[in-house]
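Trainee: Predicted model and sequence follow; I will ask about them next.
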Amino acid sequence: MAEIDSLKNRILKESKDKAEAKEREAEAQVREMLKESEEKIQVILNDGKIKGEKEGDALKNRIISKAHMDYKNMILEAKQEALEKIFELVLQRIKEMNKEDYTHFLERLLIHNTETGTEEVILSKNDEEGIDAELLNKVNKELISQGKEGKLILKGYRDSISSGFILQRDGIEINCSPKSQLRLLRDNLEEELVDILFK
């Protein structure tokens, strides 16, 4: 667990550093754009192409407003890139797990995503060895202790997911591939991660 916390902290620090660098770069670009805008406005005013201070101020405000909007868009893009990188790294770490850790990961996914305990488990072809009868018995016992039925059964394999499994009950399927689960997690944690990374 300490290793996972250390990994999480390292990934968050790397992402935060990259995001801050992107933000500094965006700020520098905005400053340069504002400087160029001021120079252009001055040239236009000096050439007599704009009559009166009112029109010059309006143009200046539009240019500054656009520069600020561009800056905000660059910051948003940097944040999205940082979040994408975090979730790519997490997915990569899951792929690199040893067999014992990965089996434990699948066990937790099963327990967390099972609603009634009567679902059918359809495995990814790549995880034929990840969930076996012994693990299913262990999960079913845990589900019973939670007041669920504890009658999960293996129901074949599916090529449509690269890893993990699908839980099926009454024609409804829950995609429990790591990629799908991370997508859901990202949707739920994105705001919190943005707060952590970009305080």
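Mentor: Arrived safely, thanks for sending. Quick caveat, the model's predicted, so the values are computed rather than measured.
Trainee: how about low-confidence regions in the chain?
Mentor: 1-13, 15, 19, 30, 34, 37, 41, 43-56, 193-194, 196-199 (pLDDT under 70).
Trainee: change it to 50
Mentor: Applying pLDDT under 50 to the chain flags the ranges 1.
Trainee: continuing past the helix or strand residue 31 falls within, what's the next helix or strand?
Mentor: In this structure, residue 31 sits in helix 2-46 according to DSSP states H and E. The helix or strand immediately downstream of helix 2-46 is helix 53-95, counting by DSSP H and E.
Trainee: Tally up the residues packed near residue 168, please.
Mentor: By the measure other C-beta atoms under 10 Å, the count of residues near residue 168 is 16. Heads up, the C-betas are built off the backbone N, CA and C, glycines and all.
Trainee: tell me which element it is part of?
Mentor: Here residue 168 is assigned to strand 165-169, by DSSP H and E.
Trainee: ok, now residue 122?
Mentor: Going by DSSP H and E, residue 122 is part of strand 120-124.
Trainee: Give me the neighbour count for residue 114.
Mentor: With other C-beta under 10 Å as criterion, residue 114 counts 24.
Trainee: Now do the contacts for it.
Mentor: 139, 143, 148, 152, 167 (C-beta atoms under 8 Å, 6 or more residues apart in numbering).
Trainee: Out of those residues, which comes closest to residue 78?
Mentor: Taking C-beta to C-beta as the measure, residue 78 lies nearest residue 167 of these, at 36.7 Å.
Trainee: just checking, residue 182 touches residue 90?
Mentor: Yes: counting by C-beta atoms under 8 Å, residue 182 touches residue 90, with 6.1 Å between them.
Trainee: what about burial for the contacts of residue 114, which qualify?
Mentor: Buried subset of the contacts of residue 114 (neighbour count, 16 or more other C-beta atoms under 10 Å): 139, 143, 148, 152, 167.
Trainee: Can you tell me how far the second one is from residue 123?
Mentor: Read that as residue 143. Distance, residue 143 to residue 123, using C-beta to C-beta, to the nearest Å: 18 Å.
Trainee: for the third one, same thing?
Mentor: Noted for residue 148: a distance of 20 Å to residue 123, by C-beta to C-beta.
Trainee: same question, the last one
Mentor: When distance is defined by C-beta to C-beta, residue 167 is 11 Å away from residue 123.
Trainee: Domain boundaries for the protein, per the record?
Mentor: 2-96, 99-186 (automatic domain parsing).
Trainee: now, of these, which is deepest in the fold?
Mentor: Sort the domains of the chain by mean neighbour count, taking mean count of other C-beta atoms under 10 Å, and domain 99-186 sits at the top with a mean of 16.
Trainee: Any idea how far apart the tips of that domain sit?
Mentor: By C-alpha to C-alpha, to the nearest Å, the extent of domain 99-186 from end to end equals 25 Å.
Trainee: quick revisit: right, and the helix or strand after the strand holding residue 168?
Mentor: Downstream of strand 165-169 (by DSSP H and E), the next one is strand 172-175.
Trainee: Using CSV, write down the CA coordinates of that next one.
Mentor: Taking Å, rounded to 0.1, in the frame of the first residue of the first chain, the C-alpha atoms of strand 172-175 are listed here in CSV:
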residue,chain,number,x,y,z
ILE,A,172,-27.9,-5.7,-18.3
GLU,A,173,-24.1,-5.6,-18.6
ILE,A,174,-21.6,-3.7,-16.5
ASN,A,175,-18.2,-3.2,-18.1
